[in-house]
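Student: The following comprises the amino acid sequence and a computationally predicted model.
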Amino acid sequence: MKLSKKLLYPFMILVLAGCSRETPAPTNIDPEEEIPTPQPANGISGDLSSISLQAGTTYTVVGDLNIPEGRNVTIPAGVKFEFNPGTRNEAWVIDVHGSLYVEGTAASPVVFTATADAIASTRNNGYGGLWGGIHAGRKAGDLVIEHAEILHAGGVARAGTIVTTPESGGSGRLTAGDRGYALWYCRPADERQDGVFVLLNSHIAYTLDDAVRTNGGRTLMAYNVFEVIGLNGGEAVNIKAGGPGDFAFNLFYNIATNALKSADTQAGRRGILENNFYNNTIIGSGYRRAETARGGSLNYESDAYGKAYNNLIINSRYGLRLTPGEARPRTAALAFGYNWHYGTSTEITENFYPVGSNNPSNGLIGSELPIPTTDIIGAPGANDPGFVNYNVSTFAWANRVNGHAIPAGANFHLRADAAALQGANRNFEPVFATYSTLNGKVYQAPRPAAYFGAYGQAN
């Protein structure tokens, strides 16, 4: 079937005010194919701390941007960065060796995207990779992003940038030619441990692999939307050693593998990976990773621990998975339950918690550990959570691997009569009550809600 090469993406989602997105029409094109792209005559590159960014201004990026060690850069509301691929389709990055503060607002977000020509080109297969990403290396301080649109990122890694050099901290380091990440933050065990990674009220969409990779550092992610993440693998958020924190009230829609994965591995400080996953909504995820036992919602492994409560897991490949064997999480310090599951077919409902002695997808829940009695689990079609404008029963099993974007007009708040409005668990605390930046700003971690999922009743 021949598909349209031109994709149109409205660029804004208002978190907590309903979500809509046109469905992209992917083309069958190699995301790493080098197709020369003309360079604009004018644009920005180089030391971002030397550029006076003006609120509401659009900048064309024609080369890598960087923030030197010890420097702070604040990006004001309404700024838009349009990344133009290089003459050999280089995916330009923002390499952060200092601190970056993105200060968008709900009415005027900061936008990071590709140029209109790049989006309309045959290189756009609907899974991003048109520019590199924002990568905070081992010498960086804070990475704080509020009210931002981060679209079409995760392009092919290049030699000399943070993610391919020792500046990556060694943890998760990429080789030139590998698919990159939209956002990266690292804190190796033998490096500085101050600074925080905060991502709030933002929209991350269309990446070839992981949207976010953390390798240490206190992390708060709340009120975000992750949409169409990963071509044939990749988590929305992949958390490694040394990165404790809270991940709450996020919407994950059509993720290749997991929405949230926590594993105490690689170069961060070991033994402290406590991650709380609560009040998230996860829809139609896990189906573009072909291997068995490879996610679809939430995953703890390799000595990771924390609390997983109040999540809505809708038409996804698996429910919460605790990895068995040598990669098992710290089960004695895990708490979970009060998670709401919905599936349109037996292929989904039988894998909320896979069981069976010969099932390679088995996790610890349902085999070694009991399925929580507080979970909402039922037969196909049971336990519709009651979204304002999104019909969970229309999920098509045969079409599950495709990169569907959020339908136009979708609203994931709960109706006034929705069963999922009550019964969730509020009797636990965030990992950290507050997250303090190096410049003195303090962010409160959100408290758990009485409803399930990311959004309560619409006003």
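Tutor: Nice, thanks for sending it over. Residues are numbered from 1 along each chain as shown.

Student: pretty sure residue 345 contacts residue 397?
Tutor: Yes - contact criterion C-beta atoms under 8 Å: residue 345 and residue 397 qualify, at 5.2 Å. For glycine as for every other residue, the C-beta is placed from the backbone atoms N, C-alpha and C.

Student: and residue 82, what are its phi and psi?
Tutor: Taking degrees, to the nearest 10, you get phi -110, psi 110 for the backbone angles of residue 82.

Student: Spatially nearest residue to it, not counting backbone neighbours?
Tutor: What sits nearest to residue 82 in space, not counting adjacent residues and going by C-beta to C-beta, 6 or more residues apart in numbering, is residue 115, at 4.6 Å.

Student: ditto for residue 259
Tutor: Using C-beta to C-beta, 6+ apart, the nearest residue to residue 259 is residue 252, at 3.7 Å.

Student: Wait, that neighbour touches residue 235, no?
Tutor: No - checked against C-beta under 8 Å, the pair residue 252 and residue 235 is beyond contact range at 9.6 Å.

Student: Give me the common contacts of the two.
Tutor: Common neighbours of residue 252 and residue 235 (criterion: C-beta atoms under 8 Å, 6 or more residues apart in numbering): 229, 259, 260.

Student: Which member of those is positioned nearest residue 330?
Tutor: residue 260 (16.4 Å; C-beta to C-beta).

Student: For the closest one, which residues are in contact?
Tutor: Per C-beta under 8 Å, 6+ apart, neighbours of residue 260: 235, 236, 237, 239, 247, 252, 275, 277, 280, 298, 299.

Student: Adding distance to residue 108, pLDDT and neighbour count, write the residues you listed out as a markdown table.
Tutor: Output for the contacts of residue 260, formatted as a markdown table (distance: C-beta to C-beta, whole Å; pLDDT from 0 to 100; neighbours: other C-beta atoms under 10 Å):
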| residue | distance to residue 108 | pLDDT | neighbour count |
| --- | --- | --- | --- |
| 235 | 30 | 96 | 28 |
| 236 | 25 | 97 | 33 |
| 237 | 26 | 98 | 29 |
| 239 | 30 | 97 | 30 |
| 247 | 26 | 98 | 29 |
| 252 | 25 | 98 | 30 |
| 275 | 31 | 98 | 26 |
| 277 | 30 | 98 | 29 |
| 280 | 26 | 98 | 30 |
| 298 | 33 | 97 | 27 |
| 299 | 36 | 96 | 29 |
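
Student: Give me the subset of those lying in strands.
Tutor: 237, 239, 247, 252, 275, 277, 298, 299 (DSSP state E).

Student: Nearest residue to the residue most central in space within the chain in space, ignoring adjacent ones along the chain?
Tutor: When the chain is reduced to its mean C-alpha position, the nearest residue by C-alpha atoms, centre = their mean turns out to be residue 236, at 3.1 Å. Closest residue to residue 236 apart from its sequence neighbours, by C-beta to C-beta, 6+ apart: residue 226 at 4.1 Å.

Student: now the host helix or strand of the one you found, how far from the centre of its chain.
Tutor: Per DSSP states H and E, residue 226 falls inside strand 225-229. Distance, stretch centre to chain centre, for strand 225-229: 6 Å (C-alpha atoms, centre = their mean, to the nearest Å).

Student: on that earlier part again, find the pair from the contacts of residue 260 with maximum spatial separation.
Tutor: Farthest-apart pair in those is 252 and 275; separation 14.9 Å (C-beta to C-beta).

Student: Perfect, I'm done here.
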